[in-house]
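**Q** 3D, please:
(2 chains)
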Amino acid sequence: AQRVTQPEKLLSVFKGAPVELKCNYSYSGSPELFWYVQYSRQRLQLLLRHISRESIKGFTADLNKGETSFHLKKPFAQEEDSAMYYCALRAGETSGSRLTFGEGTQLTVNP
Amino acid sequence: EAQVTQNPRYLITVTGKKLTVTCSQNMNHEYMSWYRQDPGLGLRQIYYSMNVEVTDKGDVPEGYKVSRKEKRNFPLILESPSPNQTSLYFCASSPLGRNTIYFGEGSWLTVV
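**A** Numbers count the residues shown, from 1 in each chain, chains lettered A, B, ... in the order given. Presented below is the predicted three-dimensional model:
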């Protein structure tokens, strides 16, 4: 069975500081990894998916299969980045497979 | 506008009183799913559906039922709600294939 772990429930940084939100996963197959963001208990929004290898709002994430990690990084945090961040894994090779979420990390960016 | 719509958004109910949370999507997606979000536990899947009349249990199905009679709708039914079902519920949908999953705005449910 797949599992996603986000070791930090809370993370607090100052504006302009680098930020890294950790995500580790366990899955024996070829996973698809995502980062979702949730502002003030609103709906979850897709931030990144590893297969697109893009940068959204200054965030990047690289899938490291050797370390089974998909950490989210931003070099200079902004106050508007304060939100709940969820790492998620889609395991199945078949279409529309379920997402397994981590516990979430609440990021606070202080002025 | 493509969207996933849930109703009600907020509900306070009493233990044992049956309730239904509706979910509707206008994107002709095959896959639909329900999650509950609890502090410290993240999102946990309750039920999911790969297509009409095809449903399956997620990680925490106890106390819930679903149905998928039409492609666009995937209601979540609590036959006899209990206080431990107090939570924030999200419906989600996606097309088949490795595509983006879209979430509804969430439904806050309190069972007293």
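
**Q** The longest strand seen in chain B pairs with which strands?
**A** When secondary structure is assigned using DSSP state E, the longest strand within chain B turns out to be strand B:42-51. Applying DSSP bridges, strand B:42-51 is found paired with strand B:31-38 (antiparallel), strand B:54-57 (antiparallel).

**Q** The first one: how far from the chain's middle?
**A** The one in question is strand B:31-38. 5 Å (Cα atoms, centre = their mean, to the nearest Å).

**Q** Return that strand as PDB; C-alpha atoms alone will do.
**A** Once side chains and other backbone atoms are set aside, the C-alpha atoms of strand B:31-38 remain, and they are given as PDB (Å, rounded to 0.1, in the frame of the first residue of the first chain):
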ATOM      1  CA  TYR B  31     -14.000   9.500 -11.700                       C
ATOM      2  CA  MET B  32     -15.500  11.000  -8.600                       C
ATOM      3  CA  SER B  33     -14.500  10.700  -5.000                       C
ATOM      4  CA  TRP B  34     -15.200  11.900  -1.400                       C
ATOM      5  CA  TYR B  35     -12.600  12.900   1.200                       C
ATOM      6  CA  ARG B  36     -12.900  14.000   4.700                       C
ATOM      7  CA  GLN B  37     -10.300  16.400   6.200                       C
ATOM      8  CA  ASP B  38      -9.400  16.300   9.800                       C
END
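
**Q** what does it contact?
**A** Contacts of strand B:31-38 with the rest of the structure, by Cβ atoms under 8 Å, 6 or more residues apart in numbering or on different chains, involve A:95-96, A:98-99, A:101, B:23, B:25, B:43-51, B:58, B:60, B:64, B:66, B:68, B:74, B:76, B:85, B:87-96, B:101, B:106. All C-beta atoms are positioned from the backbone trio N, CA, C, and that covers glycine.
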